[in-house]
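Undergrad: let's see this in three dimensions:
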Amino acid sequence: MKLDRLLSILMLLLRKDRVKAKELAEKFEVSTRTILRDIDAINLAGIPVVTYQGVNGGIGIAEGYRLDRGILTSDEMISIIISLKGMARLIPESQHDVLLEKLKNVLNSSQLESIESKTKQLIIDPSPWFNVDKINEMLTVFKKAIEEKKEVRFRYIDSNCNETDRQVEPYFLILKGQNWYLYAFCLLRRDFRLFKFSRIKDFQVTEHLFEPRTISEEQTFLQQGWQTAGDPIALELSFAKEMKAIVAEWFGEDGVDDEDGRLLVKTTLPENNWLYGFILSFGSGIEVVNPPHIRSIIASIAREIYEKYSG
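TA: Numbers count the residues shown, from 1 in each chain. As a prediction, this is how the structure comes out:
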């Protein structure tokens, strides 16, 4: 978009002394003539852009025209840049690059070198390992639907493998536990719901506009998402001592050693098909101590698996 290009050019000019028109044309994949028209537009906006002739010439901002460098401290700048880079990996958008250039502009060359060195010490990449293209497509489509207040239609498969057609009013995009969710008002259920991206199929934005509803504090999407995932159930799990690292990874603790040298963990999780699969994912390294009905369900599923593969 032209506006994005103009902002990007402006940020580059604010940070660098001089840039050749040809370099800008190559960077933004447009003609030199287009760049010169962009420079005229920036000038008309009241920002003094000067063209310097000669070997070391180029396009630059008039001397003395710079942003206030005391707006942010170095530590604040580092935190913001790290966060922006993480977001850029999740949602690639030109606005992120423009904002990064804005932030860097308030620094002189020595400060910029120091901060860039420090930002490389911590890398945040919350993007998933798989299906990145599909997730990016969904983020782009749903984000636009939220901005334009348009209803979205899709097929949804819940945790019990029931498939329904849904039409929703989208409100928020949520990243939690490395999973993306759409928080929306479901016209079928007549209530707010969390929809997991991986369970959404055949999504499309409709032309039907909606009037945003008022969301109370009690309707927090995280609490509501927990409730709709299944009834919370208290679990006592026993792990083989060889599973210590995995136990710490999932439950944030090493567990309590019992007399047999195993690791005991007490936790609360929603009871649904995900829970059964989660327990089975630990193979023979886990045993459900309580409650008894979960023991029975896991034993039944394991028996079916054994019969299928032993036949």
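Undergrad: so Gly285 sits right up against Ala245, yeah?
TA: No. The criterion here is C-beta atoms under 8 Å, and Gly285 misses it with Ala245 at 11.3 Å. (C-beta placed from N, C-alpha, C; glycine too.)
Undergrad: neighbour-wise, which of those two wins?
TA: The neighbour comparison of Gly285 against Ala245 (other C-beta atoms under 10 Å) goes to Gly285, with 16 against 9.
Undergrad: ok, that one - contacts?
TA: For Gly285, the contacting residues are Phe239, Ala240, Glu242, Met243, Ile246, by C-beta atoms under 8 Å, 6 or more residues apart in numbering.
Undergrad: got these as TSV, with secondary structure, pLDDT and distance to Glu271 columns?
TA: Shown next, in TSV, are those (DSSP: H, G, I helix; E, B strand; the rest coil; pLDDT from 0 to 100; distance: C-beta to C-beta, whole Å):
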residue	secondary structure	pLDDT	distance to Glu271
Phe239	strand	91	20
Ala240	coil	88	24
Glu242	helix	85	27
Met243	helix	85	22
Ile246	helix	83	21
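Undergrad: what's the separation between Val247 and Leu237?
TA: 9 Å (C-beta to C-beta, to the nearest Å).
Undergrad: any common contacting residues for these two?
TA: Val265.
Undergrad: need the max-distance pair from the contacts of Gly285.
TA: By the measure C-beta to C-beta, Ala240 and Ile246 form the most distant pair in the contacts of Gly285, at 9.9 Å.
Undergrad: report the helix or strand with the lowest average pLDDT across the chain.
TA: Counting by mean pLDDT, DSSP states H and E, the chain has its least confident helix or strand at helix 221-228, which shows a mean of 50.
Undergrad: and the average pLDDT for the lengthiest strand in the chain is what?
TA: Secondary structure assigned by DSSP state E gives strand 163-176 as the longest strand of the chain. Strand 163-176 shows a mean pLDDT of 91.
Undergrad: what lines up beside the helix or strand just after it in the sheet?
TA: The helix or strand immediately downstream of strand 163-176 is strand 179-186, counting by DSSP states H and E. Partners of strand 179-186 in the sheet, by DSSP bridges, are strand 163-176 (antiparallel), strand 191-196 (antiparallel).
Undergrad: could you export the first one as PDB, CA atoms only?
TA: The reference is to strand 163-176. Only the C-alpha atoms of strand 163-176 are listed here, as PDB (Å, rounded to 0.1, in the frame of the first residue of the first chain):
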ATOM      1  CA  GLU A 163     -19.200 -31.300  14.000                       C
ATOM      2  CA  THR A 164     -21.600 -28.300  13.700                       C
ATOM      3  CA  ASP A 165     -22.000 -25.400  11.300                       C
ATOM      4  CA  ARG A 166     -21.400 -22.100  13.100                       C
ATOM      5  CA  GLN A 167     -21.900 -18.500  12.300                       C
ATOM      6  CA  VAL A 168     -20.300 -16.100  14.700                       C
ATOM      7  CA  GLU A 169     -19.600 -12.500  15.500                       C
ATOM      8  CA  PRO A 170     -15.700 -12.300  15.900                       C
ATOM      9  CA  TYR A 171     -14.200 -10.200  18.700                       C
ATOM     10  CA  PHE A 172     -10.700 -11.200  19.700                       C
ATOM     11  CA  LEU A 173      -7.800 -13.300  18.500                       C
ATOM     12  CA  ILE A 174      -6.100 -15.100  21.400                       C
ATOM     13  CA  LEU A 175      -2.800 -16.900  21.600                       C
ATOM     14  CA  LYS A 176      -2.600 -19.200  24.700                       C
END
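Undergrad: show me the contact partners of it.
TA: 90, 126, 139, 142-143, 145-146, 149-158, 180-188, 192-195, 206, 210, 212-213, 215, 221-222, 225.
Undergrad: cool, thanks, talk later.
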